[in-house]
Structures are given as structure tokens and as C-alpha cells.
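Participant: sequence and predicted structure below; questions after.
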Amino acid sequence: MKRLRTILIVLLVFFIALSGIGYLYIQTLKPVYDGEQTMEGLESTVEVNYDAYGIPHIYASSNQDAFQALGY
């Protein structure tokens, strides 16, 4: 009985550690919504804002700049 309890405790610790590692891995995959990025080939400044649902709203002076920012 004591051996079974030890095995269950080890498995529980293993699954808790595995879920913590999985959580940290998923957090690193999230995109960055803050800050500034430098991009070559733009004619002027492009502003990208994200709403509460993560949908980008791009404000640019030309269509080419907007499409390039969208592709980035």
C-alpha cells in the first residue's frame, strides 16, 4: 500500500511539472502586441493597433505600406 501511494505521488508531481512546462511553452508562442518594430521598405510610418479580440487595425499612408505591415 505504501508503494502504491509513493507511485501515485511521483506521478502527480510529474504531471504537475509537465503542465507547468507546457504552460510556459505556450506563453512563449504568444505574439507581441506592444512596442515598436523597424521594417525596411516602408515609405512612411505605419501604425498597427489591436482590439480586444486581437484583430489588427492598420493605419498607413499608402496601400503598399499597409499590405507590407499586414504581411509582417
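Facilitator: Yes, it's here. Numbers count the residues shown, from 1 in each chain.
Participant: Val48: helix or strand, and which one exactly?
Facilitator: strand 47-50 (DSSP states H and E).
Participant: and Ala60, how many neighbours?
Facilitator: Neighbourhood size, Ala60 [other C-beta atoms under 10 Å]: 19. For the C-beta atoms, the positions are set from N, CA and C on the backbone; glycine is no exception.
Participant: nearest spatial neighbour of it, skipping sequence neighbours?
Facilitator: In space, and not counting its chain neighbours, Ala60 is closest to Ala66: 3.9 Å by C-beta to C-beta, 6 or more residues apart in numbering.
Participant: and the one you found, what is it in contact with?
Facilitator: 46, 58-60 (C-beta atoms under 8 Å, 6 or more residues apart in numbering).
Participant: for ChimeraX, what selects the buried ones among those?
Facilitator: Of those, the buried ones can be selected in ChimeraX as follows, counting by 16 or more other C-beta atoms under 10 Å:
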select :46,60
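Participant: where does the chain dip in pLDDT?
Facilitator: Within the chain, no stretch has pLDDT under 70.
Participant: what is the neighbour count of Val48?
Facilitator: Residues near Val48, counting by other C-beta under 10 Å, number 15.
Participant: what segments of this protein are helices?
Facilitator: Assigned by DSSP state H, the chain shows helices spanning 2-28, 63-71.
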